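I need the structure of the sequence given here:
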Amino acid sequence: MKLILLLIWVVGNILGAGPQLGPYQDIVPLVSNRADVEKKLGKPNFEYGLYDFENERVDIMYSTTPCSGGYRGSYRVPSDTVIRIDIAPKKNLHLSELRLDLGSYKKTTDSNSARTFYRNDEGLTVVVFEGTGTDYEKVLGISYGPTSRVMKEFECSPSPKGTQIPLQSTVDADGDCPSGHIEVDEGNCTNSQCTLKGFVSGWSPTLKPIFKWTVSDGSIRSGQGTWSITIDTRRVTSKVITVTLGVTGKGLPKACEIEERYELRTGVR
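Residues are numbered from 1 along each chain as shown. I've put the predicted structure just below:
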């Protein structure tokens, strides 16, 4: 898909400036679901569940358990509902080329990373580089999420004090972080081995995740350092294997590092 078509679709759809274009048509945050996306785009064609197109990479975030932790970005919607679309241009694109009415955007600058975030009430966030030279106001990412009105309608209540809050998105202007979870590939679990997969939502396509797995029993047969591992369970003596997935990345704040645990029942009596 051509980047310019995607940008016309995003900006035109949100600002009412023209018809929707391209295969993203009708994919609406908090309305559309994974089946709607894959019907139009097919399954992700790049690592970490991203879509890799000619001029951009796209990360489509989905909900997991409704109101799981109550963090900002957790909503009262069914699992696999689209939460947000994050776009990372591959080619140089500058803010002026988007022809936005910046008077309707809230501007936030992060001086530590030389990034500025422009966000409006219609769900559009544009991240630009505030460096010098030809890269000044270069577009680093575009995020399309729910409108402020829809967000208030479906957003979950804040977590009670002391509750562990899941992490959210790296592209967010407020410094939220990505979230991760682990799933068992039941079709690849036998008496001697089992395969588990890690998933990360809200990870900026410009950052590369670094995976580290540990297990409390058995051993990792293959996949260490990747999004999927196979565990050797032949000599397991525990009823439950605790599988831990740690995710870090260059440029990711330490407070945003992910640690997820999964209890895998082994059948040992």
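
could I get the pLDDT score of the residue nearest to residue 90 when sequence neighbours are not counted?
Ranked by CB to CB, 6 or more residues apart in numbering and with sequence neighbours excluded, the top spatial neighbour of residue 90 is residue 55, at 5.3 Å. For glycine as for every other residue, the C-beta is placed from the backbone atoms N, C-alpha and C. As predicted, residue 55 sits at a pLDDT of 80.

same deal with the one 10 residues further on?
Residue 65 is assigned 69 on the pLDDT scale.

cool, and residue 161?
37.

do residue 182 as well
pLDDT, residue 182: 81.

wait, it touches residue 247, no?
No: if you go by CB atoms under 8 Å, residue 182 and residue 247 don't touch, sitting 10.7 Å apart.

between the two, which one's more packed in?
Neighbour tally, residue 182 and residue 247, criterion other CB atoms under 10 Å: the higher count belongs to residue 247, 22 against 18.

identify the bridge partners of that one.
Residues in a beta bridge with residue 247, per DSSP bridges, are residue 211, residue 258.

who touches both of residue 182 and residue 247?
198, 260 (CB atoms under 8 Å, 6 or more residues apart in numbering).

now do the SS call for residue 268.
coil (DSSP: H, G, I helix; E, B strand; the rest coil).

so which elements touch the one helix or strand residue 51 maps to?
Here residue 51 sits within strand 51-52, counting by DSSP states H and E. If contacts are counted by 3 or more CB pairs under 8 Å, 6 or more residues apart in numbering; DSSP states H and E, strand 51-52 sits against strand 56-62.

just checking, what packs against the strand it packs on?
Packing partners of strand 56-62 (3+ CB pairs under 8 Å, 6+ apart): helix 3-15, strand 51-52, strand 82-89.

quick one, the last one and strand 56-62 angle?
So that's strand 82-89. Orientation of strand 82-89 against strand 56-62 (axes from the mean of the first three to the mean of the last three CA atoms, to 10 degrees) gives an angle of 170 degrees.

tell me the mean pLDDT over the next helix or strand after strand 82-89?
Sequence-wise, the next helix or strand downstream of strand 82-89 (DSSP H and E) is strand 106-110. Averaging pLDDT along strand 106-110 yields 83.

what lines up beside strand 106-110 in the sheet?
In the sheet, strand 106-110 lines up with strand 115-119 (antiparallel) (DSSP bridges).

can you give me how far the partner strand is from the chain middle?
Counting by CA atoms, centre = their mean, to the nearest Å, strand 115-119 is centred 18 Å from the centre of its parent chain.

with stretch 127-136 instead?
In terms of CA atoms, centre = their mean, the centre of stretch 127-136 is found 24 Å from the chain centre.

now do that stretch: everything it contacts.
Contacts of stretch 127-136 (CB under 8 Å, 6+ apart): 92, 94-95, 109, 114-118, 137-143, 171, 173.

for residue 257, give me phi and psi.
Note on residue 257: backbone dihedrals following degrees, to the nearest 10 are phi -60, psi 140.

likewise for the one 4 residues further on?
Reported as degrees, to the nearest 10, the phi and psi values for residue 261 are phi -120, psi 150.

what pLDDT does it get?
Looking at residue 261, its pLDDT reads 84.

quick check: closest non-adjacent residue to it.
The shortest distance from residue 261 to any non-neighbouring residue, by CB to CB, 6+ apart, is to residue 244 (5.2 Å).

mind listing what the one you found touches?
Residue 244 is in contact with 213-215, 259-262, counting by CB under 8 Å, 6+ apart.

what's the spacing between the nearest residue to residue 239 once chain neighbours are set aside and residue 189?
Excluding the flanking residues, the one nearest residue 239 by CB to CB, 6+ apart is residue 268, at 5.1 Å. With distances taken as CB to CB, to the nearest Å, residue 268 is found 14 Å from residue 189.

which of these two has more neighbours?
The residue with more neighbours, out of residue 268 and residue 189, is residue 189; 16 against 12, by other CB under 10 Å.

I appreciate the help and will end here.
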